Each structure stands twice: as structure tokens, then as C-alpha cells.
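Asks: can't give you the sequence, but here's the structure:
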């Protein structure tokens, strides 16, 4: 698909859902993307188990990518063991002994029997590139969205097979990439604290190859919703509302 196609889809998607934050393209690759700079930022002092990264966790990149395009490598994601695993950057065996994993297990937030069932990207990428969908020059793997409950309602009407997920929030990315499913996360406490995601927002991952179909269905759904909204508003006037 050409850059103009992605730009058009980004515009249509933003319009039909009335998005407050632009759709983000996420691309996994073996080679460094041409003309794309590495995410700029320092590495803080490592923890006792050696963890550090350019951000507290990889989902912080989602917010950064709303306004700029950049690429990352495994080390940039290294502070969050769970995110490194879901994005295919490290195996469960490599992160199982880390302090952050131990803290999550000790709190009861997750249990060890849950961990092997967390979805992950199967082929380890050398680079993960993020940026506004409207600016992508190549075909992304996943389109990431920030949605409010009403927007999720509309998306669910348009795409009834929408998959709802909870913790960890980041695993909706491999669900979209590896399972070809549109997935919404209600978020998780770990990600909401680290990113400042508002209480009224959820996140969504769409397989990029399905985006055109998703947009077409959304257009149909919006027409029906607008008709129902008109009826409901007129009917409510009988009650002085």
C-alpha cells in the first residue's frame, strides 16, 4: 500500500471515530528503516538486575509516536520485562528472574501460571518503528488507537468479533500482529501509572492489513448510529429533555 493510502485511511479513521489522538503505526522489522532516526533519550542507571531503557516501558512509545516517527531497538525497551517479552524482544526464560517480574508476582497482580499464556511477537525484531499512521512510508504491522468508551461502542458494533483484554495492556500488540484480530484493552494499572493514560481512555490494536475493512464497516455503523441518535433525541423531547 502506498503512503497516500495510509494517509487517507488515517484521515478517514480519525474522522469516523472522532479520534482525539491520531492513529499510530507500529512496524516490526529486521532492518533499520530508511530515513528514520532512533528514539532520542538517555538510559538511566540500571536496576540491581541490570534493567534500563530509554522509557519506563515500551507502551510509553505509543504516546511519543502521536507526533513524531522514530525507531527503537531492544535495549530501548529493556526496563520493562513484560513488554520486552510481549514484543518478542526477550524470552520468558530471559526475564523470569527479573525484579519487576518478581514484584508483579509477589503482589498477586499476576500468577506464574498466567505468564506462559501471555501473547507475544513470535519472530524477534531488530527494530520496532513508531509514528503517526499518516506519515508512514511503509506498510505497518499494527495500527494503535486511543479510544473512549463511546468510540469502543461504535467499533464493537462495526466489528462484533472485537477482542477485549485486560492486563498486561501491551499484549494487544501481538494479538493484532500474530492472531490477525482487532483487540481492545481496558488497560492495566502498570501501564496507566507509567503512561498517565486517563481513566476515560482505553487502547486498541488493529492488524494494519485489516484497517481498510475496519474503516468501511465503521462508516456503515456510524450511519445507523446517527439515525438511531436522531430518533432517540426526538423521542426524548416528549419528556422535556
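Replies: Okay, I see it. Predicted model only: the values in this text are computed from it and were never measured.
Asks: where exactly do the helices run in the protein?
Replies: 3-17, 60-64, 81-86, 92-95, 99-107, 149-158, 172-179, 189-195, 211-236 (DSSP state H).
Asks: Which residue is the nearest non-sequential neighbour of the spatially most central residue of the chain?
Replies: In the chain, the centroid-proximal residue (C-alpha atoms, centre = their mean) is residue 144; its distance is 4.2 Å. Nearest non-adjacent residue to residue 144, counting by C-beta to C-beta, 6 or more residues apart in numbering: residue 24, 4.3 Å away. The C-beta positions use only the backbone N, C-alpha and C, and glycine is treated the same way.
Asks: what's the answer for residue 70, then?
Replies: That would be residue 39: by C-beta to C-beta, 6+ apart, it lies 4.3 Å from residue 70.
Asks: if I pick the one you found, what's in contact with it?
Replies: 54, 61, 64, 70, 71, 72, 76 (C-beta atoms under 8 Å, 6 or more residues apart in numbering).
Asks: now, which of these sits nearest residue 190?
Replies: residue 61 (15.2 Å; C-beta to C-beta).
Asks: Tell me the confidence at the closest one?
Replies: With respect to pLDDT, residue 61 has a value of 97.
Asks: rank the helices of the chain by pLDDT, which is bottom?
Replies: Note on the helices of the chain: helix 189-195 shows the lowest mean pLDDT, a mean of 89.
Asks: Touching it from outside, list them.
Replies: By C-beta under 8 Å, 6+ apart, the list of residues contacting helix 189-195 reads 56-57, 59-60, 62-63, 82, 104, 109, 167-170, 197, 199.
Asks: Also stretch 137-153?
Replies: Applying C-beta under 8 Å, 6+ apart, the contact partners of stretch 137-153 are 1, 3, 6, 13, 17-21, 23-28, 33, 35, 62, 65, 129, 133, 155, 173, 176-177, 184, 197, 200-209, 211.
Asks: let's go with 6 Å and repeat that
Replies: Here stretch 137-153 makes contact (C-beta atoms under 6 Å, 6 or more residues apart in numbering) with 1, 3, 17, 21, 23-28, 62, 133, 173, 176-177, 184, 200-206, 208, 211.
Asks: Please apply the same query to stretch 117-133.
Replies: Defining contact as C-beta under 6 Å, 6+ apart, one finds that stretch 117-133 is touched by 6, 10, 22-23, 25-30, 32-33, 36, 61, 65, 69, 71-72, 85-88, 143, 171, 174-175, 177-178.
Asks: switch to 7 Å and redo it
Replies: 6, 10, 22-30, 32-33, 36, 61, 64-66, 68-73, 85-89, 143, 168, 171, 174-175, 177-178 (C-beta atoms under 7 Å, 6 or more residues apart in numbering).
Asks: just to revisit the earlier point, filter the contacts of residue 39 down to the ones in strands?
Replies: Mapping the contacts of residue 39 onto strands (DSSP state E) picks out 70, 71, 72.
Asks: Nice, that's everything, thank you.
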